[in-house]
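S.K.: Pasting a predicted model and its sequence here:
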Amino acid sequence: MTILNPRSRMISVRLSEEEYSALRRLCSASGARSVSDFTRDAMRVFLNGERHEDVVGIHVGEFRTHMRNLDRKIEQLAAVITALKPNVNQ
């Protein structure tokens with residue numbers, strides 16, 4: 001497979017354990033293939049002049065939508081469970 005944009009430069013950054021753990025969690029949550037890919041994408045956003053708030057805002061909006069949908073489904077399941085429970089007071 002031919003690489004159209006070969007990567008020939010490397011940078012090195014030292015992180016604390018906490019910083020690295022947080023970076024790995026973000027990487028995993030974003031679905032990135034690796035910490036390097038995640039970091040490269042984040043740097044590309046910054047270099048292209050996109051505001052961090054714009055990029056994060058999109059993901060937060062999606063997250064809120066998913067949370068609302070989950071809340072709705074939990075309420076529906078709770079109602080079904082309550083309806084199926086035998087009445088203890090009888």
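M.R.: Nice, I can see it.

S.K.: Every contact and neighbour count from this point should use C-alpha atoms.
M.R.: Fine.

S.K.: Contact partners for the residue lying closest to V35 once chain neighbours are set aside?
M.R.: Spatially, and ignoring its direct neighbours in sequence, V35 is nearest to C27 (5.9 Å; Cα to Cα, 6 or more residues apart in numbering). Contacts here follow Cα atoms under 8 Å, 6 or more residues apart in numbering; on that basis C27 touches R33, S34, V35, F38.

S.K.: From the structure, what's the count of residues near the third one?
M.R.: The burial metric for V35, expressed as a neighbour count using other Cα atoms under 10 Å, is 16.

S.K.: Ok, the one 5 residues further on next?
M.R.: Residues near R40, counting by other Cα under 10 Å, number 12.

S.K.: Which of the helices or strands spans it?
M.R.: helix 35-47 (DSSP states H and E).

S.K.: Sort out which residues of that helix are buried, please.
M.R.: V35, F38 (16 or more other Cα atoms under 10 Å).

S.K.: And the average pLDDT for it is what?
M.R.: For helix 35-47, mean pLDDT rounds to 85.

S.K.: so whichever helix or strand comes after that helix versus helix 35-47, what angle?
M.R.: Moving toward the C-terminus from helix 35-47, the next helix or strand (DSSP H and E) is helix 52-84. Angle of helix 52-84 versus helix 35-47, following axes from the mean of the first three to the mean of the last three Cα atoms, to 10 degrees, is 120 degrees.

S.K.: Any regions of this structure where pLDDT drops low?
M.R.: Low-confidence segments of the chain (pLDDT under 70): 1-3, 50-60, 87-90.
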